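In: The amino acid sequence is not available; the structure is as follows:
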């Protein structure tokens, strides 16, 4: 069990390292979109709609928590 936990932690660190590298390399949105099979066939209007839907979902989940924690 301890090795599974270590493997999970190391894989999370690798994901963060990849994300940090992507930010420092200025990877374009099209490059990121091409990495995921579910996103690669979407056009610009579909991506905008998906981004808007995602932001709404994040807002509805985070804003109440922020409001309660600040209150």
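Out: Great, that's in hand. Keep in mind the model is a prediction, meaning the values are calculated, not measured. Numbering: from 1, shown residues only.
In: make it CA atoms for all contacts and neighbour counts henceforth
Out: Fine.
In: Now for this structure, the helix or strand with the poorest mean pLDDT.
Out: Scoring the helices and strands of the chain by mean pLDDT, DSSP states H and E places helix 2-24 at the bottom, with a mean of 58.
In: any idea of the mean pLDDT for the next helix or strand after it?
Out: Counting by DSSP states H and E, the next helix or strand C-terminal to helix 2-24 is helix 29-35. Helix 29-35 shows a mean pLDDT of 86.
In: How about stretch 48-55?
Out: Stretch 48-55 carries an average pLDDT of 93.
In: change the start of the numbering to 388 and stick with it
Out: Fine by me, first position is 388 from now on; the one you just mentioned is stretch 435-442.
In: Just give me the neighbour total for residue 426.
Out: Neighbours of residue 426 under the rule other Cα atoms under 10 Å: 15.
In: wouldn't it be in contact with residue 417 here?
Out: No. Residue 426 lies out of contact with residue 417 (Cα atoms under 8 Å); the separation is 9.7 Å.
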